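Trainee: Give me coordinates for this.
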Amino acid sequence: MASSDPLADLLTKIRNAIRANKRIVEYPNTKMAREITRMLHENKFIGKYIIVEAEMQGMIKVLLKYFEGESVIQGITRVSKPSLRKYVKVDEIPRVKNGLGMAVLSTPRGIMTGLKAKKLGVGGEVLCIVW
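Mentor: Modelled structure (predicted):
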């Protein structure tokens, strides 16, 4: 069955894997999924990840990070939805958990964290927040 919101599916797979204390989660390889996975890795929310190439689409396998039995990702939420988009100017970019989390934005310069978007002086659509 085709998904109408692949980003929500990706976030739900991560959220469900964390709740089930899984070490590895995998989801379809898309450009948006690769960028979000790269940002999660750079901001140390997840461990290693590999992209498994296949004929059609491939998969991304992610090693989730845990510290003293608790997931490093405490929450991951979709902000902008297909039915209700959330656009922000550069001075309205959300600060998540006083800088301990991150916002993921889709900007004219590509998908990036809220911190990087502020540095570049661009706003955009708030895709999700992670803390």
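Trainee: so what pLDDT did the residue nearest to the spatial centre of the chain get?
Mentor: Nearest residue to the geometric centre of the chain (C-alpha atoms, centre = their mean): residue 36, 4.2 Å. As predicted, residue 36 sits at a pLDDT of 97.
Trainee: part of a strand, is residue 40?
Mentor: No: using DSSP: H, G, I helix; E, B strand; the rest coil, the assignment for residue 40 is helix, not a strand.
Trainee: so it sits right up against residue 46, yeah?
Mentor: Yes: between residue 40 and residue 46 there is a contact at 4.6 Å, judged by C-beta atoms under 8 Å. The way it works is simple: take the backbone N, C-alpha and C, and place the C-beta from them, glycine included.
Trainee: which residues do these two both contact?
Mentor: Common neighbours of residue 40 and residue 46, using C-beta atoms under 8 Å, 6 or more residues apart in numbering, are 62, 73.
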